[in-house]
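[1] No letters, just coordinates:
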């Protein structure tokens with residue numbers, strides 16, 4: 001198991017200690033760190049997905065409003 005040291009403002013430390021008194025603070029910090037890792041990985045995946053969609057849109061054929069309207073009407077029962 002690794003040891004990690006962080007500097008945080010005194011008011012953050014005080015609020016954390018008061019809020020989580022009597023609990024395993026190391027486990028709480030580890031969970032928060034993993035949550036941050038997972039959120040960053042999701043952010044990266046979302047950014048890559050957006051980039052891929054934008055690349056596809058750049059090469060997609062353009063349609064006029066009339067073509068879209070006609071396609072909608074033809075697809076209706």
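    Nice, I can see it. Nothing here was measured: the structure is a model prediction, and the numbers come from that model.
[2] longest helix in the protein, by residue count?
    Taking DSSP state H as the criterion, the chain has its longest helix at helix 25-59.
[3] next structured bit after that one?
    Moving toward the C-terminus from helix 25-59, the next helix or strand (DSSP states H and E) is helix 65-74.
[4] Run through who's touching that next one.
    If you take C-beta atoms under 8 Å, 6 or more residues apart in numbering as the criterion, helix 65-74 is touched by residue 63. No exception for glycine: its C-beta is placed from N, CA and C like everyone else's.
[5] pLDDT (mean, whole number) over it?
    Helix 65-74 shows a mean pLDDT of 91.
[6] ditto for stretch 14-34
    pLDDT averaged over stretch 14-34 gives 97.
[7] can you list contacts of stretch 45-63?
    Applying C-beta under 8 Å, 6+ apart, the contact partners of stretch 45-63 are residue 71.
[8] chain center to that stretch: distance?
    Chain-centre distance of stretch 45-63: 19 Å, with C-alpha atoms, centre = their mean, to the nearest Å.
[9] what about residue 11, distance to residue 4?
    Per C-beta to C-beta, to the nearest Å, residue 11 is found 21 Å from residue 4.
[10] and residue 52, how many neighbours does it have?
    When neighbours are counted by other C-beta atoms under 10 Å, residue 52 registers 10.
[11] where does it sit relative to residue 31, distance-wise?
    Taking C-beta to C-beta, one finds residue 52 at 32 Å from residue 31.
[12] what's the answer for residue 73, then?
    Distance from residue 73 to residue 31, by C-beta to C-beta: 54 Å.
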